[in-house]
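Engineer: Kindly generate the corresponding structure for this input.
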Amino acid sequence: MDVSGGHGESKEEALLRADGLWVRFGRQVVLRDISFAVARGQTLAVIGESGCGKTVLLKTLVGLINPWRGAVYFDGKNLSSLDEKQLALQRMRFGFVFQSAALFDSLTVGQNVAFPLEQHTRKSDEEIQRIVVSRLAEVGLSEDVILKRPAELSGGMRKRVGLARALALEPEVVLYDEPTTGLDPIMSDVIAELILRARQRHPVTSIVVTHDLRAARKVADRVIMLYPLTRLGADEPQIVYAGPPEAMESAADPRVSQFARGEARDRLVETGLSGGV
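Structural biologist: Alright, predicted model coming up:
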């Protein structure tokens, strides 16, 4: 199975690369021998059912979790070989959009977006304010929200503030952890559109962990699908699909095509529920 970047790039040309990645907690292996490459400017969607290790993979790609075996290479550097100071510098090149937005409740919207700028730059207050207003405008929020607290915002607005904050430092890579979870279909499509526009306005590489196949089809150049290790044989690869999103429904592997169509047939058989449905 081809899990390269899909643009014919070599390992050296990939901006972000997982090479034989294993992650385990105690005796429990969560990721097994994961390899793929993401080209600069590409959007990769990582999909799969709950418990297959998607969020763990995302955290490992940014160095928040150390792999048990294998390595993550960012711009040619093995993240595991860096000391804390070097790793912190590399992380500044990433933006992270958390599943729940993870805004600071005690800060205003403006202060939340300004936070990474105040922590990691020496920009003046006036310049930071200008960037805050600009980033909020990019996600469709006016200056009226700057003084509001996160609790005063809808779920969709909080997600957009989280995206504005992630873009504040103009990162080279943006990592999205379930960006549309908990949103209605219209707002989910708004978030997907904002992911597309962020890529158009900034030269970013994006990795989107999601259950939302509609969003994945809209934003991704390429998709990889992980499968839970508890349901795989010892020699079966954990990446069961790597390719364009539009080809998933016609994939030869029924695990992929059924997931893409939202069909529970095989899972009902596994759980012994097929006879009662």
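Engineer: Show the pLDDT at His84.
Structural biologist: Heads up, residue 84 is Glu, not His. On the pLDDT scale, Glu84 is placed at 91.
Engineer: Now do the contacts for Val145.
Structural biologist: Contacts for Val145 (Cβ atoms under 8 Å, 6 or more residues apart in numbering) come out as Val109, Leu136, Leu153, Met157, Val161. C-betas here are computed from N, CA, C, even on glycine.
Engineer: and the gap between it and Glu178?
Structural biologist: 23 Å (Cβ to Cβ, to the nearest Å).
Engineer: circling back: okay, the contacts of Val145 in a markdown table with distance to Ser250 next?
Structural biologist: Shown next, in a markdown table, are these (distance: Cβ to Cβ, whole Å):
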| residue | distance to Ser250 |
| --- | --- |
| Val109 | 44 |
| Leu136 | 41 |
| Leu153 | 40 |
| Met157 | 37 |
| Val161 | 38 |
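Engineer: Farthest pair within those residues?
Structural biologist: Farthest apart among those by Cβ to Cβ are Leu136 and Leu153. That separation is 11.7 Å.
Engineer: Now for the protein, the helix or strand with the poorest mean pLDDT.
Structural biologist: helix 265-270 (a mean of 57; mean pLDDT, DSSP states H and E).
Engineer: so of the contacts of Val145, which ones are in strands?
Structural biologist: If you go by DSSP state E, the contacts of Val145 have nothing in strands.
Engineer: What about those, which one has the most neighbours?
Structural biologist: Top of the contacts of Val145 by neighbour number is Val109, holding 27 neighbours under the definition other Cβ atoms under 10 Å.
Engineer: Show me where the stretch 151-277 of the chain has its helices.
Structural biologist: 155-167, 185-201, 213-219, 254-261, 265-270 (DSSP state H, counting those that start in this stretch).
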